[in-house]
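A.B. asks: Fold the following, please.
(one chain, ligands or ions: 1)
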Amino acid sequence: MAGAEWKSLEECLEKHLPLPDLQEVKRVLYGKELRSLDLPREAFEAASREDFELQGYAFEAAEEQLRRPRIVHVGLVQNRIPLPANAPVAEQVSALHRRIKAIVEVAAMCGVNIICFQEAWTMPFAFCTREKLPWTEFAESAEDGPTTRFCQKLAKNHDMVVVSPILERDSEHGDVLWNTAVVISNSGAILGKTRKNHIPRVGDFNESTYYMEGNLGHPVFQTQFGRIAVNICYGRHHPLNWLMYSINGAEIIFNPSATIGALSESLWPIEARNAAIANHCFTCAINRVGTVSPEVWLGRGDFGYFYGSSYVAAPDSSRTPGLSRSRDGLLVAKLDLNLCQQVNDVWNFKMTGRYEMYARELAEAVKSNYSPTIVKE
Ligand SMILES: NC(=O)NCCC(=O)O
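C.D. replies: Okay, the predicted model is just below:
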């Protein structure tokens, strides 16, 4: 399984395919071609100084007579952990805060309105270990922990909505841990939080050792720039999880993740893209980069490689190329949210979906005495 040396699917296709083939392959794998965004030169200079990749794309919608375009710029951040995982906890968190601050400053230069970081962004990925200390020490209050306070400052300074996925410790309710995304308004106020609904039970992703299945349902946050939701990592394998955010009105669903090549790289380009198509919304898939630190994994063999490749997908099946598999990066996408309704009016999945029938059948199917409807000869 490729590690950092294999840079990206896009680079490989461009290197090896003759132009006419490349165009057809891209049409199928990426949908309608997107325009590159004209991002400021200073932003590229700063990204190069800070050693992270910067890419930008624009999704366009048709002009309408009665509605103005509803333009929003989203930013997706993927990164490695800057310090070894055996550095003191507070130093690791501070180093991550510094790294993210530098990336957010570039996002601000690019006019980003809503930014989302990767799953559990303030810590090394340690949920594979089952060991508690020091990993549970990275858990913080969603309401007034140091990371939420840090993000509130970023949000206010840059007039930017910040989606901050953290390991949450809920001290008011028995010190329970959750995998949570805090949503901070561009005013700096906390809009609310949402919790990871589905916990992996696959390979070494032993995450149920650490936190509980989310109990907050499928909240959607009305921001100044549009209605957003956060479907954290493993939730992307569950079509009904995406559906519920969409039913609650989400126009953009972020999917902050931590996943590795052998397990999911062939699923990655499909799942968030399919969710955007099926739900007439934009989806933003974010994955961290790098290996699980040796200090975390303690010689237990090859855990796998976090392959980055963050991307944005649109309801009309178009999508951006992925960020690199190996570098920190910021992906900026300009969305016209009018596209959601325009595609809805063409394909009508919300109209043709038989939700009442599914609800009735699902209500039966979850009963312990349910017997599946199988018609036999
Ligand atoms: N963090 C997490 O839920 N990872 C599980 C692996 C996957 O969903 O690809």
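A.B. asks: correct me, but residue 29 touches residue 273?
C.D. replies: No - Residue 29 is beyond contact range of residue 273, at 9.4 Å (criterion: Cβ atoms under 8 Å). (Each C-beta comes from the backbone N, C-alpha and C, glycine too.)
A.B. asks: More neighbours: which of those two?
C.D. replies: Using other Cβ atoms under 10 Å, the more surrounded residue of residue 29 and residue 273 is residue 273, with 22 against 14.
A.B. asks: Now do the buried residues in the worst-scoring helix or strand of the chain on mean pLDDT.
C.D. replies: For the chain, using mean pLDDT, DSSP states H and E, the weakest element among its helices and strands is helix 294-297, scoring a mean of 72. Using 16 or more other Cβ atoms under 10 Å as the test for burial, helix 294-297 gives 296, 297.
A.B. asks: what about the very next helix or strand once past it, distance to the chain center?
C.D. replies: The helix or strand immediately downstream of helix 294-297 is strand 305-307, counting by DSSP states H and E. Centroid displacement of strand 305-307 relative to its chain, using Cα atoms, centre = their mean, to the nearest Å, is 15 Å.
A.B. asks: again, but for stretch 347-363
C.D. replies: Stretch 347-363 has its average C-alpha position 26 Å from the chain's average C-alpha position, going by Cα atoms, centre = their mean.
A.B. asks: can you give me the end-to-end distance of that stretch?
C.D. replies: 27 Å (Cα to Cα, to the nearest Å).
A.B. asks: so where do the strands sit in the stretch 1-150 of the chain?
C.D. replies: For the stretch 1-150 of the chain, the strands defined by DSSP state E, counting those that start in this stretch occupy 35-36, 53-58, 71-78, 114-116.
A.B. asks: Need those in a markdown table (columns: distance to the ligand).
C.D. replies: Converted to a markdown table, the strands of the stretch 1-150 of the chain look like this (distance: least, Cβ to the nearest ligand atom, whole Å):
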| stretch | distance to the ligand |
| --- | --- |
| strand 35-36 | 29 |
| strand 53-58 | 22 |
| strand 71-78 | 14 |
| strand 114-116 | 15 |
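A.B. asks: Burial-wise, tell me which of the ones you listed comes out on top.
C.D. replies: With neighbours taken as mean count of other Cβ atoms under 10 Å, the strands of the stretch 1-150 of the chain reach their highest mean count in strand 114-116, at a mean of 27.
A.B. asks: Mind listing the strands that one pairs with, and their directions?
C.D. replies: The pairing partners recorded for strand 114-116 under DSSP bridges are strand 71-78 (parallel), strand 161-170 (parallel).
A.B. asks: Tell me the pLDDT of residue 299.
C.D. replies: Each residue has a pLDDT score; the one for residue 299 is 69.
A.B. asks: Check the one 5 residues further on too.
C.D. replies: Among the per-residue scores, residue 304 shows a pLDDT of 84.
A.B. asks: quick one, what contacts it?
C.D. replies: By Cβ atoms under 8 Å, 6 or more residues apart in numbering, the contact set of residue 304 is 1, 203, 260, 261, 262, 263, 291, 292.
A.B. asks: The residues you listed: which ones sit near the ligand?
C.D. replies: Restricting the contacts of residue 304 to those near the ligand by Cβ under 6 Å from any ligand atom leaves residue 263.
A.B. asks: follow-up on the earlier one: can you lay out the strands paired with strand 114-116 as TSV showing mean pLDDT?
C.D. replies: Shown next, in TSV, are the strands paired with strand 114-116 (pLDDT from 0 to 100):
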stretch	mean pLDDT
strand 71-78	98
strand 161-170	98
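A.B. asks: Take these and write them to TSV, including distance to residue 238.
C.D. replies: Listed next are the strands paired with strand 114-116 as TSV, based on distance: least, Cβ to Cβ, whole Å:
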stretch	distance to residue 238
strand 71-78	21
strand 161-170	17
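A.B. asks: what about the protein, any weak spots by pLDDT?
C.D. replies: Applying pLDDT under 70 to the chain flags residues 299.
A.B. asks: Residue 356 should be in a helix, yeah?
C.D. replies: Yes - looking at residue 356 with DSSP: H, G, I helix; E, B strand; the rest coil, it is inside a helix.
A.B. asks: What count of nearby residues applies to it?
C.D. replies: Residue 356 has 8 nearby residues by other Cβ under 10 Å.
A.B. asks: got it, and the one 3 residues further on?
C.D. replies: Neighbourhood size, residue 359 [other Cβ under 10 Å]: 10.
A.B. asks: Does it belong to a helix, a strand or coil?
C.D. replies: On the three-state scheme (three-state DSSP), residue 359 is labelled helix.
A.B. asks: Many thanks, I have nothing further to ask.
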